[in-house]
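Visitor: Predicted coordinates and the sequence they were generated for:
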Amino acid sequence: MNPERLREFVRACLLTTGMPDDPASVTAAALATSDTMGVFTHGTKLLSGYIRRLQGGGYQATATPTVERDGPAWAVLNGHHCLGQVSCMQAVQLGMEKARTCGIAFIGVRDTGHIGAAGYYAQYAARAGFVTMVTGNDMPSVAAPGSRKAILGSNPLAWAAPNANGHPLLLDIATAAVAGGKVYAAIARGESLPDTWLIGPDGHPTTDGTLYPHHAALAPMAGHKGYGIGMWCEFLAGLLPGGCITWQIGSWIFDEPNEPSRHNAGLILIDANTIGGDRYQQQLDQFIEELHNAPPAEGTNGLLLPGEREWQHHDNAIANGLTLPSDVIEKLQLCSEMTGVPLPEL
C-alpha cells in the first residue's frame, strides 16, 4: 500500500467522528509513519480503538489542549481528553518554541488519550534540531521484582537526536520486557511466547498468553533496572504535571467507550545548536563512525545505531510501498465498517 493512501484513509476515518481536519491530519501522520517504520503495534492498528472511544465520547473529537500553567522553559498542557497524538504534537511545538529561547524546555501533558508511539514525537523534534526525550505512563500492566501483580504501566521512553547527515538517532522502548501490543499480536497470530515476557499469578514467568492481561503481568525490562526506569517515566509523565498515575489511568482498550483514559506524557527538549554549538555535528559524525567501525560479532552484519533498522524500513516503504501484517489489515477493515470509509486497495 502507498503510505500516503494509508494516511489519507486514517484521516478520513477520523473526520467522520467530527474531528477537525488539522488534528485528524496530525494523528493520521503519526499512525501511518509508525507503520512505515515497521512499528505496527503502534501504528494504524490503534485506529479502531480510537474510533470506538471517539464515537463513544470517552475521547473528545473537538477538544483543544490548553496551557494550564507555564514559565519561560516549561509548561503543563491539559489535553481535555483529546487524542494523545494531538496533545503530544502541540507539546512538541510549544517545547521547541521555549527551548529555542532557553536552550531546554520541559512540557508535561495530562488528561489526554493514549499517545501511541512516543518515538514519533521525539524524531519529529529531532528533525528540527532538538535532542528530545518523551515519556508516557499507562495503567499498570508490568510487574516489579518481588511482586505478584502489575505495579506500573509499560511506560514508554523514547529519545532522538538531530543528525544533519542522515535520519535522527532514535530509541523507542517500553519499560516492560515487551510492549503489551506485541503480546496481543503474537497471540492473535498463534505464536508461542518467550518465557521472558509474562509474569504469572504466582509471581513467576509464564508462557501462557491467555492469562494476559487479567491474570498475568508483563515482566519488567532488565529486572530492577526496568522497574526504576518505569518509575522515572511515571514521575515525568504523571506526577510532575499533576496527571493521573498507575490505577487512576483507565484502559483505552477495555473500558467502556464513554470513559476517558486519562493518559499523560512528559517531554524534554534540548536545543542542540544552542547547547552543543558548532561542535555538535562534528562530534556526532565521529561518534557514529566509531560505532559503525566496531568489529562485528561473528555471523552478524555489524552494529546498528538506534533507529537505523526502523529508518531502513521507512525508506523502503516510501520507495516501494508498505506491506501490512494481517492483524493490522483486519483492524483497518474494522475501521472501514465503523466509519463507512472505503479501505484502499492493499
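Guide: Done, it's in. Numbers count the residues shown, from 1 in each chain.

Visitor: Now T66. Nearest residue, chain neighbours left out?
Guide: For T66, the nearest residue in space outside its immediate sequence neighbours is N78; the separation is 5.5 Å by C-beta to C-beta, 6 or more residues apart in numbering. Every C-beta, even on glycine, is put in place using the N, C-alpha and C of the backbone.

Visitor: Check which helices and strands the host helix or strand of G136 is in contact with.
Guide: Under the assignment given by DSSP states H and E, the secondary-structure element containing G136 is strand 130-137. Helices and strands in packing contact with strand 130-137 are listed as helix 84-102, helix 118-127, strand 156-161, helix 224-234, strand 263-271, helix 272-276; criterion 3 or more C-beta pairs under 8 Å, 6 or more residues apart in numbering; DSSP states H and E.

Visitor: pull the CA atoms of it into PDB?
Guide: Once non-C-alpha atoms are left out, strand 130-137 reads as follows in PDB (Å, rounded to 0.1, in the frame of the first residue of the first chain):
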ATOM      1  CA  PHE A 130      16.300  19.200  19.300                       C
ATOM      2  CA  VAL A 131      17.700  16.400  21.400                       C
ATOM      3  CA  THR A 132      14.400  15.100  22.800                       C
ATOM      4  CA  MET A 133      13.100  12.600  25.400                       C
ATOM      5  CA  VAL A 134       9.500  11.600  25.600                       C
ATOM      6  CA  THR A 135       8.000   9.500  28.400                       C
ATOM      7  CA  GLY A 136       4.400   8.300  29.000                       C
ATOM      8  CA  ASN A 137       2.500   6.400  31.600                       C
END
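
Visitor: tell me the angle it makes with helix 224-234.
Guide: Put simply, strand 130-137 runs at 100 degrees to helix 224-234, going by axes from the mean of the first three to the mean of the last three C-alpha atoms, to 10 degrees.

Visitor: name the helices or strands packed onto the following helix or strand past strand 130-137?
Guide: Following strand 130-137 in sequence order, the next helix or strand is strand 142-143 (DSSP H and E). Packing contacts for strand 142-143, counted by 3+ C-beta pairs under 8 Å, 6+ apart, involve strand 150-152, strand 217-218.

Visitor: Deepest in the core, which of those is it.
Guide: Per-residue neighbour counts averaged over each of those give the maximum for strand 217-218, namely a mean of 28 (mean count of other C-beta atoms under 10 Å).

Visitor: In the stretch 101-250 of the chain, where is pLDDT below threshold?
Guide: Under the criterion of pLDDT under 70, none of the stretch 101-250 of the chain is flagged as low confidence.

Visitor: sorry, back to before: which of the helices and strands packed on strand 142-143 sits closest to A117?
Guide: Taking C-beta to C-beta as the measure, the helices and strands packed on strand 142-143 were each checked against A117, and strand 217-218 came out nearest at 17.6 Å.

Visitor: what's the closest one in contact with?
Guide: Strand 217-218 has contacts (C-beta atoms under 8 Å, 6 or more residues apart in numbering) with 140-143, 147, 149-151, 154, 176-178, 180, 183, 197-199, 212.

Visitor: Please identify the buried residues of stretch 3-19?
Guide: Residues of stretch 3-19 classed as buried: 3, 5-17, 19 (neighbour count, 16 or more other C-beta atoms under 10 Å).

Visitor: Keep only those of those that are in helices.
Guide: 3, 5-15 (DSSP state H).

Visitor: which one among those residues gets closest to L31?
Guide: Closest approach to L31 among these (C-beta to C-beta): V10, at 5.5 Å.

Visitor: From P168, how far off is L303?
Guide: Using C-beta to C-beta, to the nearest Å, one gets 18 Å for the distance from L303 to P168.

Visitor: same thing with L269?
Guide: For L269, the distance to P168 (C-beta to C-beta) stands at 13 Å.

Visitor: okay, these two: which has more neighbours?
Guide: Counting neighbours by other C-beta atoms under 10 Å for L269 and for P168 shows that L269 has the greater number, 32 against 24.

Visitor: Is it possible to get CSV of the ones in helices among the buried residues of stretch 3-19 that adds distance to A161 and pLDDT?
Guide: Supplementary listing: these in CSV, determined by distance: C-beta to C-beta, whole Å; pLDDT from 0 to 100:
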residue, distance to A161, pLDDT
P3, 24, 96
R5, 31, 97
L6, 28, 97
R7, 26, 98
E8, 31, 98
F9, 32, 98
V10, 28, 98
R11, 30, 98
A12, 34, 98
C13, 33, 98
L14, 31, 98
L15, 35, 98
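
Visitor: related to what we said a few turns ago, is it possible to get a markdown table of the helices and strands packed on strand 142-143 that adds distance to Y280?
Guide: A markdown table is the format used below for the helices and strands packed on strand 142-143 (distance: least, C-beta to C-beta, whole Å):
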| stretch | distance to Y280 |
| --- | --- |
| strand 150-152 | 34 |
| strand 217-218 | 37 |
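
Visitor: Could I have the CA atoms of stretch 145-155 written out in CSV?
Guide: C-alpha atoms of stretch 145-155 as CSV (Å, rounded to 0.1, in the frame of the first residue of the first chain):
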residue,chain,number,x,y,z
PRO,A,145,10.8,-7.7,41.0
GLY,A,146,9.2,-9.4,44.0
SER,A,147,5.6,-8.6,43.0
ARG,A,148,2.8,-11.0,42.0
LYS,A,149,0.8,-8.5,40.0
ALA,A,150,1.2,-5.4,37.9
ILE,A,151,2.7,-2.3,39.6
LEU,A,152,3.4,0.1,36.8
GLY,A,153,2.4,0.6,33.2
SER,A,154,4.6,-0.4,30.3
ASN,A,155,5.6,3.2,30.4
